[in-house]
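*Asks:* Mind looking at a prediction? Sequence and model below.
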Amino acid sequence: MAIKGNAAESATLRADLSALQTLMAVSNSMLACDTRDDILQLAQSSLPSLGAFRPHGIYVAAPGLGDTLTHTAWSGQGSLVASLDALIGADGPMDDPSSSERVWATAMCNGDGHQGYLVIVAEAEPEAADLFLLRMLAQQTAAALDAARQRAQLLSTTKALELSVGDLRQRTRADQLMAEAAVHGDLPELARTAHELTRLPVAIVDRFGYLLCRAPDADTPSPWPHVRMPTQLSLDAAADEGRSIRVGELLVAAAKPGNDLLGGIVLLDPERTADEFAAYVLERSAALLAGELGHRRALAETEKRLHRELVVELVEGLEDEQAYSRAALIGHDLHQVHQVAALRSLSNVEDSSVQSWVEIAVRRADTQDAGNPMVGRRRGVQLAIVRGGADANSLHSGLKGVRPRLACALGLGGNASIPAEFPRSYAEALRALRVREQSSTPDGGTNFSDLGLYQILQQREPGGSVDSFVRRWLGALIDYDCSRHAEMVNTLAHFLDCGGNYDHAAQSLLIHRSTLRYRLRRIREIGGLDLTDTETKLNVHVATRAWRVLDSD
């Protein structure tokens, strides 16, 4: 009997050793697997070799609601999940209403915690040796799963690092190319560089969305004519975001150095193929564009200031040779005939805004001059020096074309062949401006050459016959206006300029017709004037026009 007992123990020992060898081989194979499915397949196929049981299912731990864990069936019945959740990572028997056999769950655990269950089924409760081998397999499976996950993470990290290095090299090269294009201030070259890097059509626009340049260039068929450029509102939105934004089929990035929007750069991407690198190129190009446009604006502001200072010095009187050399330095030839235009806004508008509109209008009218127009401001009056042969009405129409709702009076002086004649042209422009402002239609332009009587008054001597003539006919009214802060002389002037038409005169004075009749009655009483007398009416009309000149002086 002892011999038989020893033989049985030897057979059991050999079976256990064989099972351990199988377990070691399976463990090595698991560690060599790269995927979870391969590892779990090995675990399931090796279960029958470890004892008198067979696999019932493998369940993988997964995050549930809150901090709890639940299980998903890799193989086996989903009805066991709730029972497995109740074990909370421990080994133990399970009740399976669908089976009359014993069901046992062994947790797959390692240093990283619970990773799921190996579930077996057997006719009788597993022996201690079988449970030991089952636990060993579960631990090896958990270790293999953890190792595969770490390898996957390492591979992912390595690939991400490789991509990052590649992306860094790509962006560094892009920075070099874009910087080379921007350092020379060449906007078309910057657009071409962005196009070559992104393989998408590129356009550079100003702050209002108008095209400055594009790539591919004009020699290449372009889709841009059919594309609606971004509005100033879209550029403002991109500036507020601080990055590129999508506007329909466009990617838009704003060029905004500091607080001032100066323009933008646009990618045409109707198929939405632009990736992160394309967005980087667009945003980096916009930053370089902002620097270049900011530099250009600073130069333009300096040039404008020099122009404005020179205009004031010219109308105040500047020696010819000094004027010629100063003007040549900023791109103007004063050897040509010029005229001085004087303008004053009749609207409640800032002087800086009016000056900008004057510059645009003069630039459009004076197409021969490639530089900035000669525009300045003196004593509340906007001044412009324009080429000879200009017309006040044409200049006024040009200003209306830039700003239709701007009401303004404009006077144009005579020709100045040399710089020494600019003060005279300036005085004539002021005279024409004043006459226009005092007319029944102040929103318009007046040439000094069209003033007629006012040209004669230009040469008057203070206190001379002209002053005496005005005092003779209007002295009582002038004194009344000064003492009562009234408008009798101005009312009379408008009435006579309107040919004695009550409706037109009242409209030009912005008063009611009855108010006009009252004032005219008072004018006859105060001034002792009989406006029905032809000679009196003529003298008074001439006197009111002369008064306007005296008042402007």
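*Replies:* Structure's in. What do you need? This structure is a prediction, so every number in the text was calculated from the model and none was measured. Numbers count the residues shown, from 1 in each chain.

*Asks:* Can you pull the domain assignment for the chain?
*Replies:* 19-153, 184-297, 317-451, 465-552 (automatic domain parsing).

*Asks:* pLDDT of the second one, averaged?
*Replies:* Across domain 184-297, the average pLDDT comes to 83.

*Asks:* distance between the ends of it?
*Replies:* 16 Å (Cα to Cα, to the nearest Å).

*Asks:* ok so, going back, as a markdown table, the domains of the chain with distance to residue 310 would be great.
*Replies:* C-beta coordinates here come from the backbone N, C-alpha and C atoms, glycine included. Compiled in a markdown table, these are given as follows (distance: least, Cβ to Cβ, whole Å):
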| stretch | distance to residue 310 |
| --- | --- |
| domain 19-153 | 71 |
| domain 184-297 | 20 |
| domain 317-451 | 6 |
| domain 465-552 | 26 |
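
*Asks:* got those domains as JSON lines, with mean neighbour count columns?
*Replies:* What follows is the domains of the chain, written out as JSON lines (neighbours: other Cβ atoms under 10 Å):
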{"stretch": "domain 19-153", "mean neighbour count": "17"}
{"stretch": "domain 184-297", "mean neighbour count": "18"}
{"stretch": "domain 317-451", "mean neighbour count": "19"}
{"stretch": "domain 465-552", "mean neighbour count": "16"}
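
*Asks:* From residue 254, how far off is the spatially most central residue of the chain?
*Replies:* By Cα atoms, centre = their mean, the chain has its centre lying nearest to residue 235, at 2.6 Å. Residue 235 sits at a distance of 5 Å from residue 254 (criterion: Cβ to Cβ, to the nearest Å).

*Asks:* Give me the common contacts of those two.
*Replies:* 261, 263, 264 (Cβ atoms under 8 Å, 6 or more residues apart in numbering).

*Asks:* Using CSV, lay out those residues together with distance to residue 419 and secondary structure.
*Replies:* Putting these into CSV (distance: Cβ to Cβ, whole Å; DSSP: H, G, I helix; E, B strand; the rest coil) gives the following:
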residue, distance to residue 419, secondary structure
261, 39, coil
263, 37, strand
264, 42, strand
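
*Asks:* which residues touch the residue nearest to residue 396 when sequence neighbours are not counted?
*Replies:* In space, not counting the residues next to it along the chain, residue 396 is nearest to residue 445; the distance is 3.5 Å by Cβ to Cβ, 6 or more residues apart in numbering. Applying Cβ under 8 Å, 6+ apart to residue 445 gives the contacts 391, 392, 393, 394, 395, 396, 397, 409, 410, 411, 412, 436.

*Asks:* likewise residue 423?
*Replies:* 315, 316, 317 are the contacts of residue 423 under Cβ under 8 Å, 6+ apart.

*Asks:* Name the secondary structure element that contains it.
*Replies:* Secondary structure from DSSP states H and E places residue 423 in helix 422-438.

*Asks:* do residue 411 as well
*Replies:* strand 408-416.

*Asks:* Pairing partners for that strand, with directions?
*Replies:* With DSSP bridges as the test, strand 408-416 is paired with strand 338-345 (antiparallel), strand 444-447 (parallel).

*Asks:* what's the longest one in contact with?
*Replies:* Okay, so that is strand 338-345. 315, 351, 354, 358, 362, 380-388, 390, 392, 395, 399, 406-416, 422, 425-426, 428-430, 432-433, 437.

*Asks:* as a whole number, average confidence for it?
*Replies:* pLDDT averaged over strand 338-345 gives 91.

*Asks:* do the same with the last one
*Replies:* Averaged across strand 444-447, pLDDT comes to 91.

*Asks:* how far does it sit from the chain's center?
*Replies:* On the basis of Cα atoms, centre = their mean, to the nearest Å, the separation between the geometric centre of strand 444-447 and that of its chain is 40 Å.

*Asks:* CA-only coordinates of it in CSV, if you can.
*Replies:* Output in CSV follows, covering the C-alpha atoms of strand 444-447 (Å, rounded to 0.1, in the frame of the first residue of the first chain):
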residue,chain,number,x,y,z
GLY,A,444,-19.3,123.2,-51.9
GLY,A,445,-16.2,124.6,-53.5
THR,A,446,-15.3,128.1,-54.7
ASN,A,447,-12.3,129.1,-56.9
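
*Asks:* show me where the stretch 401-550 of the chain has helices.
*Replies:* For the stretch 401-550 of the chain, the helices defined by DSSP state H, counting those that start in this stretch cover 422-438, 453-457, 465-484, 488-497, 502-509, 513-527, 534-552.

*Asks:* could the ones you listed go into JSON lines alongside distance to residue 241 and mean pLDDT?
*Replies:* JSON lines is the format used below for the helices of the stretch 401-550 of the chain (distance: least, Cβ to Cβ, whole Å; pLDDT from 0 to 100):
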{"stretch": "helix 422-438", "distance to residue 241": "47", "mean pLDDT": "89"}
{"stretch": "helix 453-457", "distance to residue 241": "58", "mean pLDDT": "58"}
{"stretch": "helix 465-484", "distance to residue 241": "60", "mean pLDDT": "86"}
{"stretch": "helix 488-497", "distance to residue 241": "56", "mean pLDDT": "91"}
{"stretch": "helix 502-509", "distance to residue 241": "52", "mean pLDDT": "90"}
{"stretch": "helix 513-527", "distance to residue 241": "58", "mean pLDDT": "92"}
{"stretch": "helix 534-552", "distance to residue 241": "54", "mean pLDDT": "80"}
